[in-house]
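A.B. asks: Any chance you could fold what I've pasted below:
(one chain, ligands or ions: 1)
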Amino acid sequence: MGAALRDESGKLSLTTKIMLGMGGGLVLGVILNLMQIEFVNTHVVGGFFGMVGRMFVNALQMLVVPLVFFSLICGVAGIGDIRILGRVGGKSFGLYLATTATAIAVAILIALLVGPGQGFVMDGVDTTGVTGKEAPSVWDTFAAIVPRNPVAAFSGGEMLQIIFYTIILGVAALMLGERSKPFVEACEFMNELMMKVVQIVMAFAPIGVFCLITKTFTEQGIGLFLPVMTYVLVLVGALFLHLFVTLMIFLKVFSGLDPFVFMKKIRPAQIFAFSTASSNATIPVTLRCVTERMGVSNAVGSFTVPFGATINMDGTAIMQGVATVFLANVYGIDLGIGGYVTVIAMAVLASIGTAGVPGVGLVMLTMVLNQVGLPIEGIALILGVDRLMDMIRTAVNITGDAVVTTIVARTEGQMDMDTFADPTAGELIGDNLGIDEKAEGVLAGAAHARPAE
Ligand code: ASP
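C.D. replies: Got it, this is the predicted structure:
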């Protein structure tokens, strides 16, 4: 950390401030949970902190659709060749499936070895209000990728549909060649503008993260974890194993990149994912980390990051695997090899269909349980601890996206290794939004942009 902690003028780096916000929120939340002062917990934390936290998450989400649209158009135009685009798409899709399948297979193995939930007593668990979700067929999942109405897709934030539509638009622009130059240039400018908005929102991140984390820990406390401690421990163990071992092996083997440098550079995105429990809301930060901090070209990152945030959920799949084994043990049901293979297939499919927003993984778990005939009321057992588990698994989800992104970029020759090697690349310092150094350039650019007359 040392070097990136402060810049030359002695200001704290934004990442450090965000981490301080997170640590402060954690400590304050746990203390407030233990003290249980009704007024503070309800009105100050639940009310005011909740409002600030929600504003921050809303602000992040407000960036997602325009950012994905403009940066993806630039990405497609930047790749410039439809065949390469197809290769990048195929490669990332294959890697996303492979990492998710590995994640859940390993998680099920660990859970079977440790056996969480054996001898669990079901007393006092309220299972009312837990309802299941039927599995959509593979065909329905794929058919839904093509939007009937692109405007509805954009307004509803349907990421797969937006990506599909934008790629088609980008390809069409490529086919028009010279004629689409003004359109591509306009998108490039809009992309730059959106990145600036990201920077403005990020400046408020330390406060937003502090409020979100304080609220979560004030409400959750640690008492909730005791009854399902074995589930929590096995799940967190499996998530960490995937994060620090499996994904890093994938990274090293397929891209040759240094896992330590990678981990350091992806940290801001992990903190955002942890605080918001939403891969979608984290897209702007993940995108910044892989492009500006690691040197992935915008052409690749703008495609693989939103794509991954939508279809790649390694952490969610791990949770579903561990939860299935836990509940099978609680109910004393033996699923057998066939059952677990079904769970793997279902979880990979669910991963594609799960939106990157908080809590969806648990809803999709009902689908997996339905498929193998486990009682869905069992979800009530793990409901209480799910928010914290969601935060951790979302951080794993976006790390998986970034690993695949760097592998694709590296193997396609779309990565600037000098940026990757530079420890300060893309580092935001203090609250200075880069206005001083850049303002002149922007004004000069604006002057150029004005019509000559
Ligand atoms: N919150 C997760 C994500 O956004 C999805 C989930 O597992 O609920 O990636």
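A.B. asks: Please make it C-alpha for all contacts and neighbour counts, starting now.
C.D. replies: OK.
A.B. asks: so how many other residues sit close to residue 142?
C.D. replies: For residue 142, the neighbour count with other C-alpha atoms under 10 Å is 12.
A.B. asks: what's the model's confidence in stretch 214-227, averaged?
C.D. replies: Averaging pLDDT along stretch 214-227 gives 76.
A.B. asks: actually stretch 30-38, not the one I wrote
C.D. replies: In the prediction, stretch 30-38 has an average pLDDT of 87.
A.B. asks: What of stretch 91-111?
C.D. replies: 92.
A.B. asks: Pull out the buried residues from that stretch.
C.D. replies: Neighbour counts using 16 or more other C-alpha atoms under 10 Å place 91-93, 95-97, 99-111 of stretch 91-111 among the buried residues.
A.B. asks: which residues sit against it?
C.D. replies: 234-235, 238, 242, 246-247, 304, 308, 311-315, 317-318, 320-322, 325-326, 340, 344-345, 347-348, 351, 400-401, 404-405, 408 (C-alpha atoms under 8 Å, 6 or more residues apart in numbering).
A.B. asks: 7 Å - rerun?
C.D. replies: 234, 238, 242, 304, 312-314, 317-318, 321-322, 325, 344, 348, 404, 408 (C-alpha atoms under 7 Å, 6 or more residues apart in numbering).
A.B. asks: how about it as PDB, C-alpha atoms only?
C.D. replies: Written as PDB, here are the backbone C-alpha positions of stretch 91-111 (Å, rounded to 0.1, in the frame of the first residue of the first chain):
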ATOM      1  CA  LYS A  91     -13.400 -16.100 -25.700                       C
ATOM      2  CA  SER A  92     -15.000 -14.100 -22.800                       C
ATOM      3  CA  PHE A  93     -18.200 -16.100 -22.900                       C
ATOM      4  CA  GLY A  94     -16.200 -19.400 -22.700                       C
ATOM      5  CA  LEU A  95     -14.000 -18.100 -19.900                       C
ATOM      6  CA  TYR A  96     -16.900 -16.800 -18.000                       C
ATOM      7  CA  LEU A  97     -18.600 -20.200 -18.100                       C
ATOM      8  CA  ALA A  98     -15.400 -22.000 -17.300                       C
ATOM      9  CA  THR A  99     -14.600 -19.900 -14.200                       C
ATOM     10  CA  THR A 100     -18.200 -20.200 -12.900                       C
ATOM     11  CA  ALA A 101     -18.400 -23.900 -13.400                       C
ATOM     12  CA  THR A 102     -15.000 -24.400 -11.700                       C
ATOM     13  CA  ALA A 103     -16.100 -22.100  -8.800                       C
ATOM     14  CA  ILE A 104     -19.200 -24.100  -8.000                       C
ATOM     15  CA  ALA A 105     -17.600 -27.500  -8.500                       C
ATOM     16  CA  VAL A 106     -14.900 -26.700  -6.000                       C
ATOM     17  CA  ALA A 107     -17.400 -25.200  -3.600                       C
ATOM     18  CA  ILE A 108     -19.600 -28.300  -3.700                       C
ATOM     19  CA  LEU A 109     -16.500 -30.500  -3.100                       C
ATOM     20  CA  ILE A 110     -15.400 -28.400  -0.100                       C
ATOM     21  CA  ALA A 111     -18.900 -28.400   1.300                       C
END
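A.B. asks: For the ligand, what is the nearest residue in the stretch 201-350 of the chain?
C.D. replies: residue 278 (3.4 Å; C-alpha to the nearest ligand atom).
A.B. asks: quick one: contacts for that residue?
C.D. replies: 356-358, 394.
A.B. asks: ok, and the closest non-adjacent residue to it?
C.D. replies: residue 357 (4.4 Å; C-alpha to C-alpha, 6 or more residues apart in numbering).
A.B. asks: who are the neighbours in contact with that neighbour?
C.D. replies: Residue 357 touches 277-280, counting by C-alpha under 7 Å, 6+ apart.
A.B. asks: Please report which of those has the highest neighbour count.
C.D. replies: residue 279 (35 neighbours).
A.B. asks: how many other residues sit next to the closest residue to that residue other than its chain neighbours?
C.D. replies: Spatial nearest neighbour of residue 279, chain neighbours left out: residue 356 (4.7 Å); criterion: C-alpha to C-alpha, 6+ apart. The local packing of residue 356 (other C-alpha under 10 Å) involves 29 other residues.
A.B. asks: what's around the closest residue to the ligand within the stretch 51-200 of the chain, how many residues?
C.D. replies: Closest contact between the stretch 51-200 of the chain and the ligand, by C-alpha to the nearest ligand atom, is at residue 61 (11.9 Å). Residue neighbour count, defined by other C-alpha under 10 Å, stands at 18 for residue 61.
A.B. asks: my read is it is in a helix, agree?
C.D. replies: Yes - under DSSP: H, G, I helix; E, B strand; the rest coil, residue 61 sits within a helix.
A.B. asks: Use 506 as the first number for this chain going forward.
C.D. replies: Okay, residue one is now 506; in that scheme the one you just asked about reads as residue 566.
A.B. asks: Report the contact partners of the closest residue to it other than its chain neighbours.
C.D. replies: The shortest distance from residue 566 to any non-neighbouring residue, by C-alpha to C-alpha, 6+ apart, is to residue 786 (4.9 Å). Neighbour list for residue 786: 562, 565-566, 569 [criterion: C-alpha under 7 Å, 6+ apart].
A.B. asks: Make a markdown table from those and add distance to residue 591 and pLDDT to it.
C.D. replies: Shown next, in a markdown table, are the contacts of residue 786 (distance: C-alpha to C-alpha, whole Å; pLDDT from 0 to 100):
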| residue | distance to residue 591 | pLDDT |
| --- | --- | --- |
| 562 | 33 | 81 |
| 565 | 30 | 78 |
| 566 | 28 | 80 |
| 569 | 24 | 79 |
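A.B. asks: Just the buried ones from these?
C.D. replies: 562, 565-566, 569.
A.B. asks: Now render those as TSV, adding distance to residue 577.
C.D. replies: Shown next, in TSV, are the buried ones among the contacts of residue 786 (distance: C-alpha to C-alpha, whole Å):
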residue	distance to residue 577
562	22
565	18
566	17
569	12
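A.B. asks: In stretch 617-625, which residues are buried?
C.D. replies: 620-623.
A.B. asks: Stretch 838-848 too?
C.D. replies: 840, 845, 848.
A.B. asks: Distance-wise, check the last one relative to residue 818.
C.D. replies: Put plainly, it is residue 848. Distance of residue 848 to residue 818, given as C-alpha to C-alpha, to the nearest Å: 15 Å.
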